[in-house]
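> Here is a sequence with its predicted model. Questions after.
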Amino acid sequence: MNFARQLFALLLVNLSGIAQRAASVLTIIVGVTCAVGVLVSMLAMGTGARRQEMGDVRADRVILTTSGARVWESSISREEAAATLQLPGIRRGTQGEPIVVFQSIVPIEGRRRVTGNRIYFPLVGITPTVTQYQPEMRFTGGRMFQQGLHELIASNPCTHQFTGFEIGDRRHIHGSDWTIVGHFEQGQAQQCVVYADVDSLMSTLSRNTYASVSVRLQAPADYEAFRDAVKVNPTLHLEAKHESEVVEDGFKQLNAVLDFVSYFVGTIMAIAATLGAVNSLYAIVDSRRRELATLRAIGFGPGAIVVSILVESILLALPGALLGCLLAWALFNGLSASPFGYSFQLSVTPSLAVLGIVWALGMGLLGGLLPALRAARVSVSTALRAT
């Protein structure tokens, strides 16, 4: 009998006895289900965070910062900022003005509505052209701030998450009272963001430099020419980056933490599930020692026995993988989370489901390896004498 026929016959024998080994089989399936469910649901945090971060990014938007500096480290003089208005490739607004936004950022404090906990989020000083720079921005109440006045506009998540952001509320910032005059939505963003007139904010903070300059191009294809113009201009010590690059760099640490936590917890659960599978498969192999020995005695090779047990282990892990992915999707997909004050929705994607299935098959392979080798190494005479 060739190897393939032996393997097929052994698999039929192994799988036909599942009902008699229900307890051990359920142990394997439940362990794998828990491990895959935890891994996929944890990884869904990172996927959801990245989807949130990149959801409103556009290819025709460029961020200028001081060369080699991140946004919060950058310092752009008023002269440099003014010079950027003359760069090529910039889209013009409804009044013919270049769509360029000067920004200055300062953290402000808010209190959670439910818990009362304090948390910091950005107050961003901007120029009014922000509404053309971000066409996804839409006012839902009130109006735009007026230049030169201590007025604020807040994104809708501010009113949902924190106290003190209703229209007409006043915020005390660096010795001055600022009034909330408008609410807005900002695409898919779920973060609390507060905007103010950049010159008023810089005057209050006694600052004379901007943190960044944001530019909307006529088309994504203009990026190369725009970047080269920045490089060759001797009055500018700036570098231009795609908006996606800046956003990705800004969230690199958060994404790294989420990935580490996900894989750390998932690995611990996988180890526990694999050990449970090993114990269960050892019990299955021990209960079938005489049966396996008889098969060896009538000509079945040890290689076919090893492979059949490995395949059985993998097949038993597969239902657990599917159940784990299904439970993760049913319980956690779309669930809101706010680790470290950053809000987003968990996202269980097909790629995460595939990863969970591969993870489970790996657990099944590792869990079945030692019991399979043990089954193949037991001598025929010893196994036949077992009771």
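Cool, the structure landed. Residues are numbered from 1 along each chain as shown.
> So, low pLDDT: which residues of this protein?
In the prediction, the chain carries residues with pLDDT under 70 at positions 1, 13-14, 17, 189, 285-297, 299, 339-342, 375-387.
> Who are the contact partners of the spatially most central residue of it?
Nearest to the geometric centre of the chain sits Gly46, at 1.9 Å (C-alpha atoms, centre = their mean). Under the criterion of C-beta atoms under 8 Å, 6 or more residues apart in numbering, the contact list for Gly46 reads Asn255, Leu258, Asp259, Ser262. C-beta here means a position set from N, CA and C on the backbone, and glycine is covered the same way.
> now those residues: which count as buried?
For the contacts of Gly46, a neighbour count by 16 or more other C-beta atoms under 10 Å gives the buried set as Leu258, Ser262.
> Tell me the buried residues in stretch 141-150?
Taking 16+ other C-beta under 10 Å as the basis for neighbour counts, the residues of stretch 141-150 that come out buried are Gly142, Met144, Phe145, His150.
> In terms of distance to Met54, which of the residues you listed ranks first?
Met144 (26.6 Å; C-beta to C-beta).
> Just the C-alpha atoms of stretch 177-184, please, in CSV.
What follows is stretch 177-184, C-alpha atoms only, in CSV (Å, rounded to 0.1, in the frame of the first residue of the first chain):
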residue,chain,number,x,y,z
ASP,A,177,-11.2,83.7,27.7
TRP,A,178,-12.0,82.1,24.4
THR,A,179,-15.6,81.5,23.2
ILE,A,180,-16.9,78.4,21.4
VAL,A,181,-18.7,79.8,18.3
GLY,A,182,-19.1,76.7,16.0
HIS,A,183,-19.2,72.9,15.7
PHE,A,184,-18.0,70.9,12.7
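> quick revisit: dump the buried residues of stretch 141-150 to CSV, plus distance to Leu238.
Compiled in CSV, the buried residues of stretch 141-150 are given as follows (distance: C-beta to C-beta, whole Å):
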residue, distance to Leu238
Gly142, 34
Met144, 28
Phe145, 27
His150, 30
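> ok, so of those residues, who is nearest Asp222?
Each of the buried residues of stretch 141-150 was checked against Asp222 using C-beta to C-beta; the closest is Met144, at 27.7 Å.
> Mind giving me the packing neighbours of the longest helix along the chain?
Ordering each helix of the chain by length in residues (DSSP state H) puts helix 252-287 first. Using 3 or more C-beta pairs under 8 Å, 6 or more residues apart in numbering; DSSP states H and E as the contact criterion, the secondary-structure elements in contact with helix 252-287 are helix 22-54, helix 302-332, helix 350-377.
> how far out from the middle of the chain is the second one?
Taking the mean C-alpha point of helix 302-332 and that of its whole chain, the gap between them comes to 26 Å (C-alpha atoms, centre = their mean, to the nearest Å).
> helices or strands up against the next helix or strand after that helix?
Using DSSP states H and E, the helix or strand that follows helix 302-332 towards the C-terminus is strand 336-337. Packing contacts for strand 336-337, counted by 3+ C-beta pairs under 8 Å, 6+ apart, involve strand 344-345.
> Note down every partner strand of the strand it packs on and its orientation.
Strand 344-345 has the following strand partners under DSSP bridges: strand 336-337 (antiparallel).
> how much distance is there from the partner strand to the middle of the chain?
The chain centroid and the centroid of strand 336-337 are separated by 12 Å, computed with C-alpha atoms, centre = their mean.
> Assign a three-state SS to Gln103, would you?
Classification of Gln103 into helix, strand or coil gives strand, according to DSSP: H, G, I helix; E, B strand; the rest coil.
> what about it, neighbour count?
Residues near Gln103, counting by other C-beta atoms under 10 Å, number 23.
> Stretch 18-25 spans what distance, first to last residue?
7 Å (C-alpha to C-alpha, to the nearest Å).
> which other residues reach that stretch?
Taking C-beta under 8 Å, 6+ apart as the criterion, the residues outside stretch 18-25 that touch it are Ser280, Leu281, Ala283, Ile284, Ser287, Leu316.
> switch the cut-off to 7 Å
Ser280, Ala283, Ile284, Leu316 (C-beta atoms under 7 Å, 6 or more residues apart in numbering).
> Just the buried positions in it, please.
Burial within stretch 18-25, assessed by neighbour count using 16+ other C-beta under 10 Å, is assigned to Arg21, Ser24, Val25.
> likewise stretch 198-205?
By neighbour count, with 16+ other C-beta under 10 Å as the criterion, the buried positions of stretch 198-205 are Val198, Ser200, Leu201, Met202, Thr204.
> what residues are up against the fourth one?
Spelled out, that is Met202. Each residue near Met202 by C-beta under 7 Å, 6+ apart is listed here: Ser104, Gly125, Asn208.
> wait, what's in contact with the last one?
It refers to Asn208. Arg78, Met202.
> With Thr209 instead?
When contacts are counted by C-beta under 7 Å, 6+ apart, Thr209 is found next to Ser75, Ile76, Ser77.
> What's the separation between it and Ala196?
17 Å (C-beta to C-beta, to the nearest Å).
> before we move on, back to that, could you save the buried residues of stretch 198-205 as a markdown table and add columns showing secondary structure?
Compiled in a markdown table, the buried residues of stretch 198-205 are given as follows (three-state DSSP):
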| residue | secondary structure |
| --- | --- |
| Val198 | helix |
| Ser200 | helix |
| Leu201 | helix |
| Met202 | helix |
| Thr204 | helix |
